[in-house]
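**Student:** got a sequence here, can you model it:
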Amino acid sequence: MITKLRSPGCLFALLLSILWLTGCARSYTTPSGRADLTDITSSTMRESFAAKPAAVLPANIAAVRVQTTGYSSYRTRDQGGVYGGGRYSVLTVREVEDEADLKRITELPDVAGLTGVGRLLLPEALNTDVQLREGAARVKADMLLIYTFETTFHQNDESTALKIITLGWSPTRKVSVYVTVSALLMDVRTGFIYGTLEATEKRALSTTAWDSEEAMDRARQEAETAGFKALVREFEKAWPSFAKRAKLGA
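**Tutor:** Residues are numbered from 1 along each chain as shown. Modelled structure (predicted):
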């Protein structure tokens, strides 16, 4: 028996139900979390105070992105690019770092160059900054820039972060992505910390981002790219004080 819909309202409700059910069949898994930089730099307080700057200016800087153990995102699940176990993972591909932003660092006074640390220079079990510094030393770096992303998705600005986002159109839905990029600059030879940096970004996602996993992940990457740009701006502002500490040896 076929029931005839007697009002436009009924038809609209039916269409919404179909769209909602279709959306439930597809979902986007949000990326894993940040690396705990305090856990990576696990030296005792006495060792921290004893460490002194030893970088030679102009300095070669090695930059490495670290994330939580077993990090995964939509892109890395499909294409790889995550290396290492232990307390943290290293991303061996530059997924959201704009080449123009990296060039801005190399153009700062007293910076000789910027390089990465490949997986061939790192052990499989990654637990402390010493392992990263040893890899940086092998590419003749004087300083090591360690940075990590914390990217979370929130619906209607609620505090609880979403782990899985159901895809599909909804007239009342509002999803935003929050990105915090944290970093520290270390002396490769001694482990001395020149300083820490942090930048944040927030982006409201358009409804077109909910059409597919690819579109949602593009929105994630755009937000992280903006976060990294903000981090580079913070680095530019802080670099004169970092370089001064290296010159003074304290």
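**Student:** CA atoms for contacts and neighbours, from now on please.
**Tutor:** OK.
**Student:** how about the spatially most central residue of the chain: which residues does it bridge to?
**Tutor:** Most central in the chain under CA atoms, centre = their mean is Phe149, positioned 2.5 Å from the mean C-alpha point. Using DSSP bridges, the beta-bridge partners of Phe149 come out as Val181.
**Student:** who's in contact with it?
**Tutor:** Under the criterion of CA atoms under 8 Å, 6 or more residues apart in numbering, the neighbours of Phe149 are 33-35, 67, 179-182, 224.
**Student:** pLDDT below threshold where in the chain?
**Tutor:** 1-25, 42-49, 169-172, 250 (pLDDT under 70).
**Student:** now the helices for it?
**Tutor:** 8-24, 37-40, 45-50, 74-79, 99-106, 129-138, 213-248 (DSSP state H).
**Student:** contacting residues for Pro109?
**Tutor:** Neighbour list for Pro109: Pro58 [criterion: CA under 8 Å, 6+ apart].
**Student:** and for Ala243?
**Tutor:** 57, 110.
**Student:** same thing but 10 Å
**Tutor:** Going by CA atoms under 10 Å, 6 or more residues apart in numbering, Ala243 touches 55-59, 109-111, 194, 249.
**Student:** kindly report the same for Asp101.
**Tutor:** For Asp101, the residues meeting the contact criterion (CA under 10 Å, 6+ apart) are 225, 228-233.
**Student:** cool, and Gln155?
**Tutor:** With contact taken as CA under 10 Å, 6+ apart, Gln155 is in contact with 161-162, 165, 173-177, 204.
**Student:** quickly list what it is bridged to.
**Tutor:** Beta bridges link Gln155 to Val175, judged by DSSP bridges.
**Student:** export the contacts of Phe149 to a markdown table and tack on neighbour count and distance to Thr115?
**Tutor:** Shown next, in a markdown table, are the contacts of Phe149 (neighbours: other CA atoms under 10 Å; distance: CA to CA, whole Å):
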| residue | neighbour count | distance to Thr115 |
| --- | --- | --- |
| Gly33 | 18 | 24 |
| Arg34 | 22 | 22 |
| Ala35 | 23 | 21 |
| Gln67 | 24 | 19 |
| Val179 | 22 | 24 |
| Thr180 | 21 | 23 |
| Val181 | 22 | 19 |
| Ser182 | 22 | 19 |
| Glu224 | 27 | 20 |
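**Student:** I'd say Arg87 and Thr38 touch.
**Tutor:** No. When contacts are counted by CA atoms under 10 Å, Arg87 is not listed as touching Thr38 (11.2 Å).
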